[in-house]
Structures are given as structure tokens and as C-alpha cells.
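Chemist: Attaching a predicted model along with its sequence, questions to come.
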Amino acid sequence: MLVYSHRPEVREAVVTAVGRRPAPDLGRVRYVEAAGVAEVLAACDAGEVDLAILDGEAQPTGGLGLARQLKDEITDCPPIVVSVRRADDRWLATWSRADAVLVHPLDPLTAAETVADVLRGVEGGDGTPVRR
């Protein structure tokens, strides 16, 4: 699982909230942290990422725009979860074509459940992506 943010404390918060095993029916998660866009693009393009969690507030390139770029440019794009600072920014996650969204401050139960649902490929009852 790739975690992208230019800020190490944000990457640490994501890793801590999601944990090493987000659900009992899933295996242990191995994290790869990325501080720059080039790292994210290279890992995703190489097919090394099962799921990417992107910081919507990252600088200079935010995770929302990066999510959209990945979805547009990578044929077998991994699922993407974006994290945002304000619940009102959830609509941006829809624009970015992210598979799910997390809102800071991260709640460990919600974060782990959201990531587990995305890893399982679960959609909402109406076929829409999971949004928390």
C-alpha cells in the first residue's frame, strides 16, 4: 500500500490509523511511503501498488489532482483513497475519481474499515464507490 504526502506526520497518521491489518480477513499490509509525485507515478506505473492513499493537501501536487491523473493515465490503476481536511471537500474526491475518501482527523475504525472495503472491492449498495 502506497501512502503519499509531502509531510511525514501525515503519512504516519495514515499508517497509524489504518494499521498493519485493517481487517481480520485481510493479510498484513506493507506500506511504501512517498513524499513526491515521481515516486507515486513510478510505483503505480510499475504495478507495485495494491492501493494508494493520497493526501489531498499535499504540496506542490495535491492528492486529488494526482488521483485523477493516475486514473486517466494508468490502464490498470490501483484503487485510490484520498484524504481531505474538510468534510465539505468530499465532492472533490468524486471529481478526482477516487474510490473512497477519508476526512481528517482520521478515525482509526473508519480508516481501517474504508481501506478494507476498498481492498475487497466493495461498493455502496447503489454501485457507487465507498465514501466515508
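Modeler: Everything's here; your move.

Chemist: contacts, neighbours, all on C-alpha from now
Modeler: Noted.

Chemist: among the helices and strands of this protein, which has the poorest mean pLDDT?
Modeler: Least confident helix or strand of the chain, by mean pLDDT, DSSP states H and E, is helix 90-96 with a mean of 89.

Chemist: Tell me the first helix or strand C-terminal of that one.
Modeler: Per DSSP states H and E, the first helix or strand lying C-terminal to helix 90-96 is strand 100-103.

Chemist: still on that earlier bit, can you pull the buried residues of the least confident helix or strand of the chain?
Modeler: Buried residues in helix 90-96, counted by 16 or more other Cα atoms under 10 Å: R90, L92, A93, T94, S96.

Chemist: Now render those as CSV, adding distance to L102.
Modeler: Output for the buried residues of helix 90-96, formatted as CSV (distance: Cα to Cα, whole Å):
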residue, distance to L102
R90, 9
L92, 12
A93, 9
T94, 12
S96, 14
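
Chemist: Which residue is the nearest non-sequential neighbour of G62?
Modeler: Leaving aside its sequence neighbours, G62 sits nearest to G56 (Cα to Cα, 6 or more residues apart in numbering; 4.9 Å).
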